[in-house]
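**Q** next comes the sequence, and after it the predicted model I'd like to discuss.
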Amino acid sequence: MIPLVECKIEALCEINPSEDPQKVEQAVSNVLDGVEIKTTKYSLAAKSGEMESLAKIHESIQNHNTKKIYYRILNDNLEGNSTWFYLNKQAAFANNVAICEHDDESPMGPIKIVLSSRNIDRVIEWLVSTSMTD
């Protein structure tokens, strides 16, 4: 069950000259539900205020046993009420959620997912745990 927690979700990525902006937009839509996407010639920014937007990422974490990796990265990047992680853009376009530990792991550049919440610990716990209930 998705907890009733306020959370601001942002996705940011560069659009390389060789990339089709619509394909980059599709990549983000493949991993985040219900986000408002704005693109320029060189970048994409997506926003949501709904935890449901993270459902595909949460499901992937559960199905691929990557909880420890996400937990470590989310806690390493935790600063105040915010944390972030990278997803592989090419994998996202292929409808796969693949975390990157470093930005250079994604050849076309990563998608940076930023999570902000007064209850950021609960957001992290839900994202990486199957036992978290509302």
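**A** In hand now; what should we look at? Residues are numbered from 1 along each chain as shown.

**Q** so what pLDDT did the closest residue to residue 85 other than its chain neighbours get?
**A** In this structure, residue 85 finds its nearest non-sequential neighbour in residue 73, 5.0 Å apart by Cβ to Cβ, 6 or more residues apart in numbering. For the C-beta atoms, the positions are set from N, CA and C on the backbone; glycine is no exception. On the pLDDT scale, residue 73 is placed at 96.

**Q** number of residues surrounding residue 73?
**A** Neighbour count for residue 73, taken as other Cβ atoms under 10 Å: 19.

**Q** quick one: list the elements packing against the helix or strand containing it.
**A** Per DSSP states H and E: residue 73 is located in helix 67-76. Counting contacts by 3 or more Cβ pairs under 8 Å, 6 or more residues apart in numbering; DSSP states H and E, helix 67-76 is packed against strand 82-88, strand 99-100, helix 120-128.

**Q** buried set for that helix?
**A** Buried residues in helix 67-76, defined by neighbour count with 16 or more other Cβ atoms under 10 Å: 70, 71, 73, 74.

**Q** grab the nearest non-local neighbour of residue 122.
**A** residue 5 (5.3 Å).

**Q** run a quick neighbour tally on the one you found.
**A** 15.

**Q** show the end-to-end separation of stretch 96-115, please.
**A** Stretch 96-115 has an end-to-end distance of 20 Å (Cα to Cα, to the nearest Å).

**Q** now that stretch: how far from the chain's centre is it?
**A** Offset of stretch 96-115 from its chain centre (Cα atoms, centre = their mean, to the nearest Å): 9 Å.

**Q** swap in stretch 17-29?
**A** Chain-centre distance of stretch 17-29: 16 Å, with Cα atoms, centre = their mean.
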